[in-house]
Structure formats: C-alpha cells, structure tokens
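> need the 3D shape of this:
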Amino acid sequence: MYLITIKIALTIPVTYALAYPLLNRQSGSGVLNEIDMIGPVYTTILILSFLTLVFLYCRDLERSLSLVRPANRAAKPRSVWLMFLIPYNFIEDFFIVANI
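Model (predicted):
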C-alpha cells in the first residue's frame with residue numbers, strides 16, 4: 001500500500017505537467033506547437049514509434065524478469081506492462097528498473 005501511495009503521489013505532478021500545455025494554450029510554446037508544425041501524419045508516426053519502442057522495452061524487461069527465480073524477484077514479470085499507463089509510466093519506469 002505504501003508503494004502505491006508513493007507512485008500515485010509522484011504521478012500527480014507528472015500528470016499536471018503533461019496537461020499544462022492543454023490547459024494553458026496561451027502560453028505560446030511547448031510540445032503542442034511542435035505537433036501542430038509536423039502535422040497529423042507525422043504525429044501519428046511519432047506516437048506509434050514511441051509505443052512500439054515501449055512495447056519492445058517491456059517485452060525485454062518481462063523476459064529478463066522471467067529468468068529470475070520467483071523467490072528472488074522483487075516484482076512479477078507481467079508488472080512491466082504497467083508502463084503503458086500514461087502518465088503513470090513515467091514513475092513506474094523507475095520502480096521497474098529498481099526491481100530488476
């Protein structure tokens with residue numbers, strides 16, 4: 001329970017930071033301007049590329065964890081797939097790597 005509370009507490013400021021450009025479009029800069037500049041096709045390619053890399057990373061981490069005897073594991077191998085929960089993944093990455 002303690003670890004979940006820490007993860008949620010750390011995810012809140014990350015969520016705010018990610019949502020800030022959406023909430024304050026008048027700020028004039030940021031990633032949304034970059035996305036507008038490259039257009040919807042390249043934005044889609046960029047997002048799919050990122051998700052593909054996250055998938056490959058999760059797959060490798062799951063394989064690595066599955067090679068460790070269950071008694072010696074700090075986390076279940078399938079827990080690495082939590083990285084797909086954005087913005088939770090920014091925090092979860094640190095805990096997954098620490099567990100490995």
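> for this protein, what helix or strand is lowest in average pLDDT?
Lowest mean confidence among the helices and strands of the chain (mean pLDDT, DSSP states H and E): helix 88-99, at a mean of 77.
> in it, which residues are buried?
Buried residues in helix 88-99, counted by 16 or more other CB atoms under 10 Å: Tyr88, Asn89, Phe90, Ile91, Glu92, Asp93, Phe95, Ile96. C-beta coordinates here come from the backbone N, C-alpha and C atoms, glycine included.
> and the residues you listed as TSV, adding distance to Pro13?
Shown next, in TSV, are these (distance: CB to CB, whole Å):
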residue	distance to Pro13
Tyr88	12
Asn89	15
Phe90	10
Ile91	10
Glu92	15
Asp93	15
Phe95	16
Ile96	20
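> buried residues, the longest helix seen in the chain. List them.
Scanning the chain for the longest helix, with DSSP state H as the assignment, gives helix 31-66. Using 16+ other CB under 10 Å as the test for burial, helix 31-66 gives Val54, Cys58, Leu61, Glu62, Leu65.
> returning to that earlier point: using CSV, write out the CA atom coordinates for the least confident helix or strand of the chain.
Provided in CSV are the C-alpha atoms of helix 88-99 (Å, rounded to 0.1, in the frame of the first residue of the first chain):
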residue,chain,number,x,y,z
TYR,A,88,1.9,6.6,-14.6
ASN,A,89,4.6,5.1,-16.8
PHE,A,90,7.0,8.0,-16.1
ILE,A,91,7.0,7.0,-12.5
GLU,A,92,6.7,3.2,-12.9
ASP,A,93,9.8,3.1,-15.0
PHE,A,94,12.0,3.9,-12.0
PHE,A,95,10.4,1.2,-9.9
ILE,A,96,10.6,-1.4,-12.5
VAL,A,97,14.3,-0.8,-13.1
ALA,A,98,14.9,-0.7,-9.4
ASN,A,99,13.2,-4.1,-9.0
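> neighbouring contacts of it?
3, 7, 10-11, 14, 54, 61, 65, 73-75, 79-80, 82-83, 85 (CB atoms under 8 Å, 6 or more residues apart in numbering).
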